[in-house]
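*Asks:* Sequence and computational prediction follow.
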Amino acid sequence: MKIAVLYGGTSGEREVSLSTGKGIIEALKKNGHEVIGIDFDPRNLTEIVNLKVDLAFIGLHGKYGEDGKIQGLLEMLNIPYVGSGVLASALAMDKSKAKQIFEKNGLPVAKGLTIEVGDYSQEEIVEMVKKSFTPPYVVKPNQEGSTLGLTIVKKEEQLPDAIKLAAESDDVLLIEDFISGKEYTVAIVGQRGKEIALPVIEIIPKSEYYDFDSKYKPGGSEHIIPARIGESLTKEVKNLAVEAHQLLGCDVYSRVDFIITEDNHPIILEVNTLPGMTPTSLFPDAAKVMGWTYEQMIEEFVSLSIKRN
């Protein structure tokens, strides 16, 4: 097939997306497809508008890629694409909305507070947070990925700077209880209603927290697959991951991130509709344990997307 790969973009995750795009392009070429690579810029849509391809593979991360906007444009242009649709993408990117859906359906999430930055002064935001939370807690942009703009507030004097940092990425802040425990993730793949969870991955960051460098620098973290959490907890986490994927209406593939507390309670952090596909990324690691090469994994996404369309 003739497939366009959209990568790069203008979000804070551009560098990650460049690596993701490179991996996807190489895999598609090895699989025999004709590939057009597009370093996407939302300020110049001419190349997208004039595209004549069988399928678009979105390798973007963050704003204008993972939030439903590029999906909406492709749908208006009648170009089939890999992955989740407009609504599911937008909901997963909006962490606050996703949490509301999970909470209403009985899925475990951290206590949180959403604040529109433009509605209050910094002093008012500080007071609102202090009334609802005691350190440690997390301040982060509502719509951002890869822990960009995130601060774990351990002392209250950190709060003004944490608010300022998060507000640089988004005009909506999300404040959450800090959940002590280990990070885990579950890759999901399959047709709507027939999704399967790949082996649970336990993440051991080399730094104190699973931050940007831990995620993307070679050797920044260790991935233990399958996770060392026992059969019963593994089954619970996999079931929660599939349910979270389905509740948001995700399609083809996603990755659901968790913290499991010290007393073995899983808490859903977020759903990633376009998880990283770089050499250090989690989804390809889980696929490898299933016996899939990177190329086979990419072809599975293409195949599922073609069946849907």
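*Replies:* It's in. Residues are numbered from 1 along each chain as shown.
*Asks:* Show me what the mean pLDDT comes to for stretch 35-55.
*Replies:* For stretch 35-55, the mean per-residue pLDDT is 96.
*Asks:* again, but for stretch 280-296
*Replies:* Taken as a whole, stretch 280-296 has a mean pLDDT of 94.
*Asks:* May I see the buried residues of that stretch?
*Replies:* Neighbour-count burial for stretch 280-296 flags Thr280, Ser281, Leu282, Phe283, Pro284, Asp285, Ala286, Ala287, Lys288, Trp292, Tyr294 (criterion: 16 or more other C-beta atoms under 10 Å). (Each C-beta comes from the backbone N, C-alpha and C, glycine too.)
*Asks:* For Leu159, see how far away the fourth one is.
*Replies:* Separation of Phe283 from Leu159 (C-beta to C-beta, to the nearest Å): 34 Å.
*Asks:* now do the second one
*Replies:* Separation of Ser281 from Leu159 (C-beta to C-beta): 33 Å.
*Asks:* in the protein, what spans have low per-residue confidence?
*Replies:* Within the chain, the ranges that satisfy pLDDT under 70 run 145-146, 207-219.
*Asks:* Kindly recompute the last result at 90.
*Replies:* Under the criterion pLDDT under 90, the flagged ranges of the chain are 11-13, 62-63, 143-149, 169-170, 205-221, 278-281, 307-309.
*Asks:* And the strands in it?
*Replies:* Chain-ordered strands for the chain, with DSSP state E as the definition, fall at 2-8, 34-40, 55-58, 112-116, 137-141, 151-153, 172-177, 181-190, 196-197, 201-205, 221-224, 252-261, 266-272.
*Asks:* ok now the third one, how far from the chain's centre?
*Replies:* Translated: strand 55-58. Here strand 55-58 shows a centroid-to-chain-centroid distance of 17 Å under the convention C-alpha atoms, centre = their mean, to the nearest Å.
*Asks:* now for it, which elements pack on it?
*Replies:* strand 2-8, helix 69-76, helix 294-308 (3 or more C-beta pairs under 8 Å, 6 or more residues apart in numbering; DSSP states H and E).
*Asks:* can you give me the angle the second one makes with strand 2-8?
*Replies:* Read it as helix 69-76. The directions of helix 69-76 and strand 2-8 differ by 150 degrees, with axes from the mean of the first three to the mean of the last three C-alpha atoms, to 10 degrees as the criterion.
*Asks:* For helix 69-76, buried residues please.
*Replies:* With burial defined by 16+ other C-beta under 10 Å, the residues of helix 69-76 counted as buried are Lys69, Ile70, Gln71, Leu73, Leu74.
*Asks:* on that earlier part again, would CSV of the strands of the chain with mean neighbour count and distance to Phe301 be doable?
*Replies:* Supplementary listing: these in CSV, determined by neighbours: other C-beta atoms under 10 Å; distance: least, C-beta to C-beta, whole Å:
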stretch, mean neighbour count, distance to Phe301
strand 2-8, 23, 11
strand 34-40, 17, 14
strand 55-58, 24, 8
strand 112-116, 17, 31
strand 137-141, 23, 28
strand 151-153, 19, 34
strand 172-177, 22, 29
strand 181-190, 22, 8
strand 196-197, 16, 14
strand 201-205, 18, 18
strand 221-224, 16, 20
strand 252-261, 23, 6
strand 266-272, 22, 14
